[in-house]
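Student: sequence and predicted structure are below.
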Amino acid sequence: LDPSLGAHETSDFQGHATITVHPGGKIALRHADIKRRSIDGMVKACFLLHKRFMAVSIALETIGFQTLLRRDFDREGAAQKRYLPIVPIDHHSIAKIPRVLRLSPLIEHGTFVFAGGPENEVGDMETMIEQFIYIEQPTVKDDGPDAAEMAASLAEGLAGGKPSYEAVGEREARFSAGAW
């Protein structure tokens with residue numbers, strides 16, 4: 001999640017990218033949500049998207065004011081009686097454009113792909129792709145690609161540096177008696 005301050009016409013967009021990591025390491029961008037929203041609207045949208053896609057983790061950029069958003073997520077979690085698996089991402093030492101451009105070779109070689117389909121399935125995918133294409137133009141917003149890069153980085157980190165897959169049978173073999 002690349003958060004934004006508000007829903008004003010001059011505000012940045014809030015960018016949310018939902019990815020799936022497939023066996024063999026292919027990363028599919030399944031859904032893009034790129035909107036201007038109030039902080040409350042952004043938090044509620046994140047809860048709705050989590051409920052829809054059941055994300056294993058949610059990357060939340062922690063630059064500046066975004067660290068304060070944790071309280072908003074906790075407050076909404078208490079209201080909904082469920083909490084999101086938020087993982088703070090602190091990457092302020094690396095400029096946004098070079099971070100996002102690291103996905104270029106993955107996109108060019110088909111390792112990072114964009115889902116196709118109707119808008120009710122893929123969300124703001126057209127906007128996401130447009131932002132990727134024109135990322136280096138100073139007048140183009142970059143919130144969608146920033147969210148996609150954070151999601152890919154989080155997936156790579158959770159998988160020990162590269163996307164991986166373990167069969168259900170192998171995971172079940174490690175369970176023993178007791179409560180889980």
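Tutor: That came through, no problem.

Student: S104 and Q80: what is the separation?
Tutor: The gap separating S104 from Q80 is 38 Å, by CB to CB, to the nearest Å. Where you see a C-beta, it was placed from the backbone N, CA and C, and this is true even at glycine.

Student: before we move on, what about T139?
Tutor: With CB to CB as the criterion, T139 and Q80 are 38 Å apart.

Student: neighbour count: the two, which is higher?
Tutor: Relative neighbour count places Q80 above the other of T139 and Q80, with 12 against 5, counting by other CB atoms under 10 Å.

Student: list the contacts of the more buried one.
Tutor: The contact partners of Q80, by CB atoms under 8 Å, 6 or more residues apart in numbering, come to F47.

Student: for it, give its distance to D74.
Tutor: Taking CB to CB, one finds Q80 at 11 Å from D74.

Student: hey, where'd the strands end up in the chain?
Tutor: Applying DSSP state E to the chain gives strands spanning 14-21, 27-35, 58-61, 86-89, 112-114.

Student: quick one, which of the ones you listed is packed in tightest?
Tutor: strand 14-21 (a mean of 24; mean count of other CB atoms under 10 Å).

Student: could you say what helices and strands that strand packs with?
Tutor: For strand 14-21, the helices and strands in contact under the criterion 3 or more CB pairs under 8 Å, 6 or more residues apart in numbering; DSSP states H and E are strand 27-35, helix 39-53, helix 143-158.

Student: where does pLDDT dip in the chain?
Tutor: Across the chain, residues meeting the criterion (pLDDT under 70) sit at 4-11, 63-67, 91-92, 158-180.

Student: rerun at 50
Tutor: Flagging of the chain using pLDDT under 50 yields the residue ranges 159-166, 171, 178-180.

Student: K35: what's it in contact with?
Tutor: Contacts for K35 (CB under 8 Å, 6+ apart) come out as F13, Q14, A45, D124.

Student: switch to 7 Å and redo it
Tutor: By CB atoms under 7 Å, 6 or more residues apart in numbering, the contact set of K35 is F13, Q14.

Student: partners of it in the sheet?
Tutor: Counting by DSSP bridges, K35 is bridged to Q14.

Student: ditto for V21
Tutor: Applying DSSP bridges, one finds that V21 bridges with I27.

Student: how far away is it from D146?
Tutor: For V21, the distance to D146 equals 19 Å [CB to CB].
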